[in-house]
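> show me how the following folds:
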Amino acid sequence: MAKNLLTVTDRVDTFVTRYNQLTELVGDLANLQTSVDSDIVGSINQVFNLVNQDSDFRSKFSLTFTGGDGAASYDSDTGIFSVTGASAAEARAHISVTDAGGDGSAAYNSSTGVITYTGPSPAEVRAHVSVTDADGDGSLSYNASTGVITYQGPTLTEARAHVSAQNSGSGYGSLAYNDSNGVFTFTKVTDANIRGRVSATDAGGDGSFAYNSSTGVFTYTGPSAAEARAHISVTDAGGDGALAYNASTGVITYTGPSASEVRAHLSGSAGINYNSTTGAITIDSAETRALFSAGEGIDISSGSISGEDATTSNKGIASFSSTNFTVSSGAVSIKADGISSTELKDLSTLLIKNASGTTLKTFHAAGS
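Predicted structure coming up:
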């Protein structure tokens, strides 16, 4: 246990806590059961002196032997306990064996402590076995002197006596049994018997089905051509062409649309002429030309379309001077120095820009 010390430097609350712990550990001195109750050290020394005196300490013990096997004693001078266990004779005296009868035997020798068991003799075992022959085929017997059980199986006569053959009378052929020799005899069914149990029914419809009970032959005749054709028909639902069926020959005849039927589905429109009698399709030049009209810069004359030359008042086809302009794939651009100051009038400066507003060329008037 760790020491719980008080020092003068401890705080008051720490001092109180440790003092209470010491008081709790020491306990109440008035409860000491020694003649010295004024201080703990004196009480402990008194107890030590008493224990240290062997004679006084050993006198506090005693041993009483109440009888039975073995012995026990105590020497107060030496403080030694002595125990003597039970002897072999004493131990054997507590054991006994009772032979309650029945097969075998059991005995006990109290002088040696040996228990002897003798199992049942063969005669005793056989005496508990018996066999009962409950009649029926064969036999079963038991010899109590030797312990042998003998089984005699059924004889052939006994076995055959349990077998028989029976004809139900509801079919052909026959079955017989001879219980003297155990032989079964079967007379097979004849072909005539079998064929007599078979029949065929023609339930109608196309073809035919028949059975010959004398030969056992089934004959099936399929539908005739006339019967097959009788189940087919053709309906011409109208429209171009024709569809027909000949029930006598089974021929289905399809006739496609005629030329007049095909031409009846065609017609002409603006600028196109159609002759439903001949099927000829032609272009009406006058109607076709009437579908076109001229606009600014374009002339139409007798179906011919031409461009007009451009003027200051009319859009049309224009040409560009190769001296001043370059034309490529329809794009027109001004050549470098393509326009001189002498070609400009009343302008001190001319700026040429592209579509995005970027200045491409700047021209200055003479003297500027």
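> please make it C-alpha for all contacts and neighbour counts, starting now.
Fine.
> count the neighbours of residue 14 for me.
Counted with other C-alpha atoms under 10 Å, the neighbours of residue 14 add up to 13.
> for residue 241, same thing?
Applying other C-alpha under 10 Å, we find 13 residues neighbouring residue 241.
> so it makes contact with residue 256?
Yes: Residue 241 lies in contact with residue 256 (C-alpha atoms under 8 Å); the separation is 4.3 Å.
> for the lengthiest helix in the chain, enumerate the helices and strands it packs against.
Counting by DSSP state H, the longest helix found in the chain is helix 12-26. The contact analysis (3 or more C-alpha pairs under 8 Å, 6 or more residues apart in numbering; DSSP states H and E) places helix 12-26 against no helix or strand.
> how about that helix: buried residues?
Across helix 12-26, burial judged by 16 or more other C-alpha atoms under 10 Å covers 15, 18.
> now that helix: how far from the chain's centre is it?
Distance, stretch centre to chain centre, for helix 12-26: 75 Å (C-alpha atoms, centre = their mean, to the nearest Å).
> skipping adjacent residues, who's closest to residue 153 in space?
Closest residue to residue 153 apart from its sequence neighbours, by C-alpha to C-alpha, 6 or more residues apart in numbering: residue 138 at 4.4 Å.
> how many neighbours does that neighbour have?
13.
> what about the helices in the stretch 251-368 of the chain?
259-263, 285-290 (DSSP state H, counting those that start in this stretch).
> list the buried residues in the first one.
In terms of neighbour count (16+ other C-alpha under 10 Å), helix 259-263 has its buried residues at residue 263.
> what is the burial count for residue 251?
11.
> measure the closest residue to it other than its chain neighbours to residue 85 for me?
Among residues not flanking residue 251 along the chain, residue 245 sits closest, at 5.8 Å (C-alpha to C-alpha, 6+ apart). Residue 245 sits 132 Å away from residue 85, taking C-alpha to C-alpha, to the nearest Å as the criterion.
> that older thread, turn the helices of the stretch 251-368 of the chain into a markdown table, including mean pLDDT.
Compiled in a markdown table, the helices of the stretch 251-368 of the chain are given as follows (pLDDT from 0 to 100):
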| stretch | mean pLDDT |
| --- | --- |
| helix 259-263 | 85 |
| helix 285-290 | 74 |
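> who wins for proximity to residue 276 among these?
helix 259-263 (5.4 Å; C-alpha to C-alpha).
> which residues does that closest one contact?
240, 276-277, 279 (C-alpha atoms under 8 Å, 6 or more residues apart in numbering).
> how does it look with 6 Å?
By C-alpha atoms under 6 Å, 6 or more residues apart in numbering, the residues outside helix 259-263 that reach it are 276, 279.
> same question, stretch 116-136
103-107, 140, 142, 144, 147.
> buried residues in that stretch, which are they?
Buried residues in stretch 116-136 (16+ other C-alpha under 10 Å): residue 126.
> flag the shaky bits of the stretch 251-368 of the chain, pLDDT-wise.
338-349, 363-368 (pLDDT under 70).
> so how far is residue 248 from residue 225?
9 Å.
> cool, residue 196 as well?
42 Å.
> so which of these two has more stuff around it?
Neighbour tally, residue 196 and residue 248, criterion other C-alpha under 10 Å: the higher count belongs to residue 196, 13 against 10.
> any idea which helix or strand carries the residue nearest to residue 236 when sequence neighbours are not counted?
Closest residue in space to residue 236, ignoring its immediate chain neighbours: residue 243 at 5.4 Å, by C-alpha to C-alpha, 6+ apart. Using DSSP states H and E, the element containing residue 243 is strand 242-246.
> mind checking how far that strand is from the chain centre?
Counting by C-alpha atoms, centre = their mean, strand 242-246 comes out at 61 Å from the chain centroid.
> how about stretch 299-319?
Using C-alpha atoms, centre = their mean, the offset of stretch 299-319 from its chain centre is 84 Å.
> just the buried ones from the contacts of stretch 116-136, in PyMOL syntax?
Selection of buried members from the contacts of stretch 116-136 for PyMOL, criterion 16+ other C-alpha under 10 Å:
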select buried, resi 142+144
